[in-house]
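Undergrad: Show me the folded form of this:
(one chain, ligands or ions: 1)
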Amino acid sequence: MSHPMMPEATHDERAEQDFIRDLKIWLGEQLDPLQRQLVEATSCSVPDSHDLDIGPLRRKLLEHDAYRSWISVRRASQEMMWDAVGSSIDRQLESLTAKAAVSEPRGSVTLNPAFTPPRYIAALDVHMMPGGYAHARAEHLGQRVHYVQANAERTEFPDESFDFVFSCVLLQETSKAATRKIFEECDRLLRPGGVVIHCEVPPMEEGVWGKVICDFESLYNNESFWRGVQTLDLTAVMHDAGFTDVQRVFQGVTPRASRDAIKGFTERSTGVFRSWFMISARKS
Ligand SMILES: C[S@@+](CC[C@H](N)C(=O)[O-])C[C@H]1O[C@@H](n2cnc3c(N)ncnc32)[C@H](O)[C@@H]1O
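TA: Numbering: from 1, shown residues only. Sure, this is the predicted structure:
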């Protein structure tokens, strides 16, 4: 969707960004299947590779140059992506800041100077997005949106003040305890009959490959809470928070524009980074 707040890439920036995108696609499509073979073959010789903590299997895998190279390139490609995007945005920061100053805004951003982010975010996270960019983008798209900085575990909105609550890849950056509180908060905020939807990374794939990917994200890719949300029974947490009519669906991701892309929702995950997971429920 084009809008004036969209940073523009120069020829060289575009070339760099395209290279990183293609590197990531190549990793996912070409290297991952080979690593999966190595992981599955190696796991046969490690007795406790059924455990969630795959320490013994990881140590065995680290003996392989192929495995060490794979985790290094995966990690490097992630850093390259953010470096490339960051330097392009830095170059045009002044003009983007000027465009963000909308004279007669339809919506708003409410920042609370006394707000203290939860320590599990403040200690780790580099993107405690305060909503300024999102607000500017909404204004340029002609949409009236009110952004409020708050802790999703306990916002300051009154009880039963919303018909619909939606979160997008929020839970994978919170602890299990925070996820429970966020679900309870959603229940508090909704009017009877209201609907909540959380869009997330899919639950951990069964088998040893799912555990290895989870291990990589948690240990080597700064996704400290990844394992938590991937192994939490979100349906049970929804019920614990008082919700009914819990539904779970997946939506396929396509790495490139394609007419063959999976359309609509499916009942089966095609794996992490290949599908999004949506869980919805209703307040009775
Ligand atoms: C992966 S980002 C997704 C951001 C955005 N929803 C999107 O789709 O682009 C997850 C965000 O959740 C925020 N977050 C984590 N725990 C939170 C909490 N308790 N309250 C509010 N935000 C939280 C993090 O600071 C981070 O910005």
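
Undergrad: low-confidence ranges in this structure?
TA: Scanning the chain for pLDDT under 70 picks out 48-51, 125-130.

Undergrad: Regarding it, what is its longest helix?
TA: helix 65-91 (DSSP state H).

Undergrad: other SSEs contacting the next helix or strand after that helix?
TA: Downstream of helix 65-91, the first helix or strand assigned by DSSP states H and E is helix 93-100. Counting contacts by 3 or more CB pairs under 8 Å, 6 or more residues apart in numbering; DSSP states H and E, helix 93-100 is packed against helix 132-140. Yep, even glycine has a C-beta here, placed from its N, CA and C like the rest.

Undergrad: Next, see if the next helix or strand after the helix it packs on gets close to the ligand.
TA: Sequence order places strand 146-148 as the next helix or strand after helix 132-140, per DSSP H and E. No - remark: strand 146-148 sits outside contact range of the ligand, by CB under 6 Å from any ligand atom, the gap being at least 10.3 Å.

Undergrad: strand partners of strand 146-148, parallel vs antiparallel please.
TA: Paired strands of strand 146-148, with direction, are strand 108-110 (parallel) (DSSP bridges).

Undergrad: What lies in contact with the strand it pairs with?
TA: By CB atoms under 8 Å, 6 or more residues apart in numbering, the residues outside strand 108-110 that reach it are 130, 131, 132, 135, 146, 147, 148, 149.

Undergrad: Can you tell me the closest non-neighbouring residue to the residue of the chain most remote from its centre?
TA: Taking CA atoms, centre = their mean, the residue of the chain most remote from its mean C-alpha position is residue 45, at 33.5 Å. In this structure, residue 45 finds its nearest non-sequential neighbour in residue 60, 7.1 Å apart by CB to CB, 6 or more residues apart in numbering.

Undergrad: Equivalent analysis for residue 118, please.
TA: Once flanking residues are discounted, residue 118 sits nearest to residue 151: 5.9 Å by CB to CB, 6+ apart.

Undergrad: and the one you found, what is it in contact with?
TA: 115, 117, 118.

Undergrad: if I look at the residue lying closest to residue 61 once chain neighbours are set aside, how far off is the ligand?
TA: Distances taken as CB to CB, 6+ apart put residue 67 closest to residue 61, at 4.3 Å, once the chain neighbours are dropped. Using CB to the nearest ligand atom, to the nearest Å, one gets 27 Å for the distance from residue 67 to the ligand.

Undergrad: got it, and residue 27?
TA: Using CB to the nearest ligand atom, we find residue 27 at a distance of 20 Å from the ligand.

Undergrad: hang on, that residue in a helix?
TA: Yes - Residue 27: assigned to a helix according to DSSP: H, G, I helix; E, B strand; the rest coil.

Undergrad: helices or strands up against the longest helix of the chain?
TA: helix 11-26, helix 32-43, helix 208-220.

Undergrad: how about the most centrally placed residue in the chain, what does it touch?
TA: By CA atoms, centre = their mean, the chain has its centre lying nearest to residue 169, at 3.8 Å. By CB under 8 Å, 6+ apart, residue 169 lies in contact with 199, 200, 201.

Undergrad: can you tell me which of these are in strands?
TA: Judged by DSSP state E, those include 199, 200 as members of strands.

Undergrad: tally of neighbours for the residue nearest to residue 47 when sequence neighbours are not counted?
TA: Leaving out its chain neighbours, the residue that sits closest to residue 47 by CB to CB, 6+ apart is residue 56, at 7.8 Å. For residue 56, the neighbour count with other CB atoms under 10 Å is 14.
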